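Peer 1: Got a predicted model here, sequence first, then my questions.
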4 protein chains.
Amino acid sequence: MIKAGIIGATGYAGLEITRLLLGHPKAEITAVSSVSFTGSKLQEVYPSMRGIFEMTLQDDRAVIEKSDVVFASLPHGLSEGIAAECYDSGKLFIDMGADFRLKNEDDYKQWYDGAYQSKKLHEEAVYGLPELFRERISGAKIIANPGCYPTSVALGLAPLLKANAIDLRNIIIDSKSGVTGAGRTLSQNTHFPDCNEAFAPYKVAVHRHTPEMEQTLSEISGEKVTVTFVPHLLPINRGILSTVYTIPHDKLSAEELYEKFSAFYNMDKFVRILPLGETANLKNVKYSNYCDISLHLDERCGRVIIVSAIDNMVKGAAGQAVQNMNVACGFEEDLGLLLIPPAF
Amino acid sequence: MIKAGIIGATGYAGLEITRLLLGHPKAEITAVSSVSFTGSKLQEVYPSMRGIFEMTLQDDRAVIEKSDVVFASLPHGLSEGIAAECYDSGKLFIDMGADFRLKNEDDYKQWYDGAYQSKKLHEEAVYGLPELFRERISGAKIIANPGCYPTSVALGLAPLLKANAIDLRNIIIDSKSGVTGAGRTLSQNTHFPDCNEAFAPYKVAVHRHTPEMEQTLSEISGEKVTVTFVPHLLPINRGILSTVYTIPHDKLSAEELYEKFSAFYNMDKFVRILPLGETANLKNVKYSNYCDISLHLDERCGRVIIVSAIDNMVKGAAGQAVQNMNVACGFEEDLGLLLIPPAF
Amino acid sequence: MIKAGIIGATGYAGLEITRLLLGHPKAEITAVSSVSFTGSKLQEVYPSMRGIFEMTLQDDRAVIEKSDVVFASLPHGLSEGIAAECYDSGKLFIDMGADFRLKNEDDYKQWYDGAYQSKKLHEEAVYGLPELFRERISGAKIIANPGCYPTSVALGLAPLLKANAIDLRNIIIDSKSGVTGAGRTLSQNTHFPDCNEAFAPYKVAVHRHTPEMEQTLSEISGEKVTVTFVPHLLPINRGILSTVYTIPHDKLSAEELYEKFSAFYNMDKFVRILPLGETANLKNVKYSNYCDISLHLDERCGRVIIVSAIDNMVKGAAGQAVQNMNVACGFEEDLGLLLIPPAF
Amino acid sequence: MIKAGIIGATGYAGLEITRLLLGHPKAEITAVSSVSFTGSKLQEVYPSMRGIFEMTLQDDRAVIEKSDVVFASLPHGLSEGIAAECYDSGKLFIDMGADFRLKNEDDYKQWYDGAYQSKKLHEEAVYGLPELFRERISGAKIIANPGCYPTSVALGLAPLLKANAIDLRNIIIDSKSGVTGAGRTLSQNTHFPDCNEAFAPYKVAVHRHTPEMEQTLSEISGEKVTVTFVPHLLPINRGILSTVYTIPHDKLSAEELYEKFSAFYNMDKFVRILPLGETANLKNVKYSNYCDISLHLDERCGRVIIVSAIDNMVKGAAGQAVQNMNVACGFEEDLGLLLIPPAF
């Protein structure tokens, strides 16, 4: 059993990774921490955990000391120091935050207004999207767990980019996210009566996940990709659905499209390419690690439309983090992740 | 007082127009009909109406006879006959359905699989989007009330098309609609547990509102416009929000964009151009006749993004129908429509 | 036109009273205030108001000076001073808060941990539930607008208590409220992901509305009434539904029950006694000033069950405040309150 | 591995039991059936199952033949014949429907308007509420899986009834259920726009689960118990919360109450007695087999209030069915049921 610790266990992503690790056959949680609730027990913050996991919340240091693998779910800027400690003591560090996602420090400066303290750590870090970068993750010591939006988008576009099949200057991504994506922190626009029966985009074309998407898409395609990205807040708890509009270089039939995607994800258990005629729906992936992708043609306008759906807390956060741990540690990739979406 | 009758009063749009007309200072409802509930009283179908409006549901003929203006909310194909009767007896006919929306019969054949019985009636019919076609509506005898999606889209794009400011081959419309848009008829995907906490597109790039949008946009621009249109089903009751992606011919500043829209809708009470920096949200228009439009630039990709929000049952259906009646009858355009969105 | 001012206009109840007064034919809003947003315009806090009512938020003093009738929506303890100022200058004061609801200062001390500063003001104040105390409200200068739960409960029980028909020691009230009842202030349990798809009671048998209910019920019955009251938080925006369990002294038929209630509310436009066999539902009263009451017998156990449904923001707050103004000022009672519930 | 078959696998309860059995370490699903979808594959009805479980739906006979344990999720009246076949061939039959729940045929006649075909089968059947009747279930061949409401109520009241602590004529049960409780079949009141932002009771004091509750409560207490039971429809997917009002014979302190419940459920992993001061909430049990119970005193009125919360589809249906299988087959009781409620 690998010893796992969770820093920031009382945030939504932290609780979710706790929940998943409790069902993992080769991991045991040895420590959890929280800045706001140090000294409390987890079930005092989340009564759902009563009788299941009643560990006392400690400080970050305790978590690092007691664990072989450390998951951190922290606001950006706070992970780098913890990563350094883990790295120095030979532990695996999986960062749920944004600190290690961007390879180019200028991008980080521009979008996050921060700086890198240790270039070496950033060189060591790998971007943990297993379906696309599995080889690098195996054996890695610092893993940047991808953002939720970029996960849905990269999985939806990779087969077309790899095949050099679409116009790299004409990618439009219209995403919709459940409210857990905004985390546990209170805000007016996530106050129930302000959020329920409401719907709107936010951070139109200026969301911080944009450079992360472009980095991944550019790497896959081998050329610079720019995207227009508009996220929206959906009044539901879980899920991200991205509707992606592209223009293929050459006309593709629906069947060719389906074949291309199916072949690309042939070995990937967590990506489900839906049969032609079906449409990805958040209800079919919620509470699971699946990414459902449906494929559509707008024959009149010559566009290919890809719809990609994930649970933002699982494949978009905690589930992918566990998947990364599995890959990095040489476990079977789906250990602890055989979660069946409940449909309703 | 003008005598108003409602055919199909027990559908969602029919009930909504009933509700609005009850508050109209120059109209009185003289008859209502329903195929499924003839002989019942309205409050037996909608207990919300108890003590407010308890009229007995009659057949269509009674409605036509007793009314000066007839609103019909029917499945497509059923309005043309009623229109003929109204026209012959000099009554105003306002069709909430699709029968008179498309000018080109070939489009109707292709998308609705139907045929026009009377070319004359179709020539008489005007497309009732008052902000764009006010002059034609004044004095009209047959008015095609626009579809909900096309209303949100046409209002969002008209200023740019009129100014010949955008690429007509690169318009992408990603719309999201509340469930009342699907009407009162039961279906599996609007069954509460299948619909709640779910989200998906439907009829991707093949929705029947596409040719209606293109017809209006082409007319405004003077050139043929084609659009990629993808609607999604939102698990809320009311509202349509369309996120529209365009490419301007020349670079536009945000301020220029704002000026263009403000000037275009200068005289239109029901269109609110939001200050730069704000974002249209369904909660600010629900239960009202407003269309909120917010304007955004993706400077990195050279795109202009327009977000247009309406209540699908009001500005997208019954409210616009009343607005059309007001214009056609020479009433003040906002009579009976001073509905303040309740915010929560 | 009477000049109306609103203190606390940016809270939910404050905004709702603003919305209602804008449609009132004999009132005009002359000033609005807000502690948090003084100097801002209302549409900056509530974009729903853009183009409709863009008044600048002032301080409380300005509101008192400019108004004939002052509505205050404040946390308890803050209304008494404002009431004194209004009273001294001959203005009508309608308090949406709790300061004047309890006649017995001991009750106020026990449940609100506060004291009365001026006994005279409290003697002047009348409890503003028009259906039950209309005569007193007419001509009053200080009106305590009832709590939302007590409104639903008092209307549901009054006919039985007046007729001395039920056991006063065996009244159980199980109420469920939408989240707007908790107001605009942020809290963890009204954070969308914590509140959505959740349901629980709160303040079980210790809610502050309990003594207010008992005061009204005792006054109607002429004897001391105690009740068990348990409120629950419903994951919807609007509405309070109270299910009230009673034991009749003598067996009552359903028809007798219906007759008793219908006769009692014969003259009350806003109370709808549903036909036997129907059940009160929040959807039929939301966004309106109606109170729907349905009557049920548990013949096996000898109980009478009353279900009472209101919109907590309208009949449970702002609508009732306007109704009180109408009664106090000698206007027709339903002026500005002809709001038709939209059903969906 | 035991061979398990599911009759009625495309209903909500049928799908849920499929989902749970797929994670059971000692059971394998050998056949599934559906009247409406015979010949289809499960993922065609529930796309959530794609890639996970793609079994073809067969007829009932095939399920019986291939299975050691048969779960049936059918409308009442249809299970008895299947039970007979299973019994004759020595298979374990677990009925999710109502056919075997009532011991007294007169009750069945009165509430379900049906008759028993085989008294012997009914004598063989045991009521499968493991926490209360574990011994009988062990080795049983026909198990009546309890109704969802009765499960929440019986667990909430058993400790008080067993201790003869409350007045048996003064039990009031106010229950609220998520919409999955109404099943997959379409109806107007579960149509999204009619159900969302709505709330109402239904079948007030005449719901069929009443005699089932009374049967269990009477058996536990040893005396005849009658209850007033009012269910309400909550606009959420999952969960039943019952607020139960009782009058204790003698005054009980909160601590005594807590001790009584804790001792009673000392060995029952799935019942969590919350610490005094906490309140049961559906969000803490959803998607799990837990029953959370919180205890409250109304000291002013001398009442004990019990709040009991379960997931209606798990502990109220499929989870309890698996628990019954585990007990009947001598497996550990929590096999396949270690489901952690996700909190959000």
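Peer 2: Nice, I can see it. Numbering: from 1, shown residues only, chains lettered A, B, ... in the order given.

Peer 1: Parallel or antiparallel, which strands does whichever strand or helix holds A:K3 pair with?
Peer 2: Using DSSP states H and E, the secondary-structure element containing A:K3 is strand A:2-7. If you go by DSSP bridges, strand A:2-7 pairs up with strand A:27-33 (parallel), strand A:69-72 (parallel).

Peer 1: If you average the pLDDT over the last one, what comes out?
Peer 2: Looking back up the chat, that one is strand A:69-72. Mean pLDDT, computed over strand A:69-72, is 98.

Peer 1: Please apply the same query to stretch A:17-24.
Peer 2: Computed over stretch A:17-24, the average pLDDT equals 98.

Peer 1: One more: stretch A:291-311?
Peer 2: If you average the pLDDT values across stretch A:291-311, you get 98.

Peer 1: ok, residues contacting the strand holding A:K3?
Peer 2: A:14, A:17-18, A:21, A:24, A:26-33, A:60, A:63-64, A:66-74, A:82, A:325, A:329 (Cβ atoms under 8 Å, 6 or more residues apart in numbering or on different chains). (C-beta placed from N, C-alpha, C; glycine too.)

Peer 1: tell me the most buried of the strands paired with strand A:2-7?
Peer 2: By mean neighbour count, with neighbours taken as mean count of other Cβ atoms under 10 Å in any protein chain shown, strand A:69-72 ranks first of those at a mean of 28.

Peer 1: next structured bit after that one?
Peer 2: helix A:79-88.

Peer 1: Who are the packing partners of that next one?
Peer 2: helix A:60-66, strand A:69-72, strand A:92-95, helix A:119-124, strand A:142-144 (3 or more Cβ pairs under 8 Å, 6 or more residues apart in numbering or on different chains; DSSP states H and E).

Peer 1: The shortest one pairs with which strands, and in what direction?
Peer 2: This means strand A:142-144. strand A:92-95 (parallel), strand A:126-127 (parallel).

Peer 1: ok, and what's touching it?
Peer 2: A:83, A:86-87, A:92-95, A:99-101, A:121, A:124-128, A:137, A:321, A:324, A:328.

Peer 1: Give me the mean pLDDT for the next helix or strand after that strand.
Peer 2: Next along the chain after strand A:142-144, taking DSSP H and E as the criterion, comes helix A:148-162. Averaged over helix A:148-162, pLDDT sits at 98.

Peer 1: Run through the residues that contact A:E212.
Peer 2: So A:E212 contacts A:98, A:101-102, A:146-147, A:150 (Cβ under 8 Å, 6+ apart).

Peer 1: That one in helix, strand or coil?
Peer 2: Following DSSP: H, G, I helix; E, B strand; the rest coil, A:E212 is assigned to helix.

Peer 1: likewise the one 5 residues further on?
Peer 2: Secondary structure of A:L217, reduced to three states by three-state DSSP: helix.

Peer 1: mind checking pLDDT for it?
Peer 2: At A:L217, pLDDT is 98.

Peer 1: got it, and A:P248?
Peer 2: So, for A:P248, pLDDT stands at 98.

Peer 1: Would you mind confirming that it makes contact with A:G302?
Peer 2: Yes - assessed by Cβ atoms under 8 Å, A:P248 is found in contact with A:G302 at 7.3 Å.

Peer 1: Looking at those two, which one has more neighbours?
Peer 2: A:P248 (18 against 14; other Cβ atoms under 10 Å in any protein chain shown).

Peer 1: so who does that one touch?
Peer 2: A:160, A:165-167, A:302-304.

Peer 1: Please work out how many residues are found near the residue nearest to A:S221 when sequence neighbours are not counted.
Peer 2: In this structure, A:S221 finds its nearest non-sequential neighbour in A:L161, 4.0 Å apart by Cβ to Cβ, 6 or more residues apart in numbering or on different chains. A:L161 has 22 neighbouring residues, counting by other Cβ under 10 Å.

Peer 1: what do you get for the one 3 residues further on?
Peer 2: Residues lying near A:N164 (other Cβ under 10 Å) number 11.

Peer 1: I'd like the distance between it and chain D.
Peer 2: 28 Å (Cβ to the nearest Cβ, to the nearest Å).

Peer 1: nearest residue to that residue other than its sequence neighbours?
Peer 2: A:N164's closest residue in space is A:S221 (Cβ to Cβ, 6+ apart), at 6.8 Å.

Peer 1: ranges for the strands of the stretch 101-250 of chain A?
Peer 2: A:126-127, A:142-144, A:171-177, A:200-201, A:227-233, A:240-246 (DSSP state E, counting those that start in this stretch).

Peer 1: Could you pull up the mean pLDDT of the second one?
Peer 2: The average pLDDT within strand A:142-144 is 98.

Peer 1: Also the fourth one?
Peer 2: Average pLDDT, strand A:200-201: 98.

Peer 1: Direction included, what does that strand pair up with?
Peer 2: strand A:227-233 (antiparallel).

Peer 1: which residues touch the strand it pairs with?
Peer 2: Residues contacting strand A:227-233 (Cβ under 8 Å, 6+ apart): A:149, A:153, A:171-177, A:179, A:182, A:189-190, A:195, A:198-205, A:207, A:209-210, A:213-214, A:217, B:176, B:241, B:243, B:245, B:296, B:298, B:301, B:303, B:305.

Peer 1: hmm, stretch A:34-46 touching chain C?
Peer 2: No - contact of stretch A:34-46 with chain C (Cβ under 8 Å from any Cβ of the partner chain) is absent, the minimum separation being 9.7 Å.

Peer 1: Straight-line length of that stretch, end to end?
Peer 2: Stretch A:34-46 has an end-to-end distance of 13 Å (criterion: Cα to Cα, to the nearest Å).

Peer 1: A:S262 against A:L274, yeah?
Peer 2: No - counting by Cβ under 8 Å, A:S262 stays clear of A:L274, with 10.2 Å between them.

Peer 1: In terms of packing, which of these two has more residues around it?
Peer 2: A count of neighbours by other Cβ under 10 Å puts A:L274 above the other of A:S262 and A:L274, at 21 against 15.

Peer 1: where does the more buried one fall, phi/psi-wise?
Peer 2: phi -70, psi 150 (degrees, to the nearest 10).

Peer 1: what does the stretch 151-300 of chain A have sitting close to chain D?
Peer 2: So the stretch 151-300 of chain A meets chain D at A:180, A:197, A:237-238, A:269, A:272, A:274, A:278, A:281, A:283-285, A:287-288, A:290, A:292 (Cβ under 8 Å from any Cβ).

Peer 1: give the contact list for A:L129.
Peer 2: When contacts are taken as Cβ under 8 Å, 6+ apart, A:L129 is in contact with A:146, A:150-151, A:154-155, A:216, A:320.

Peer 1: Swap in 7 Å and give it another go.
Peer 2: A:146, A:151, A:154, A:216 (Cβ atoms under 7 Å, 6 or more residues apart in numbering or on different chains).

Peer 1: and it, how far is that from A:S152?
Peer 2: Counting by Cβ to Cβ, to the nearest Å, the separation of A:L129 from A:S152 is 11 Å.

Peer 1: Thank you kindly, that will do.
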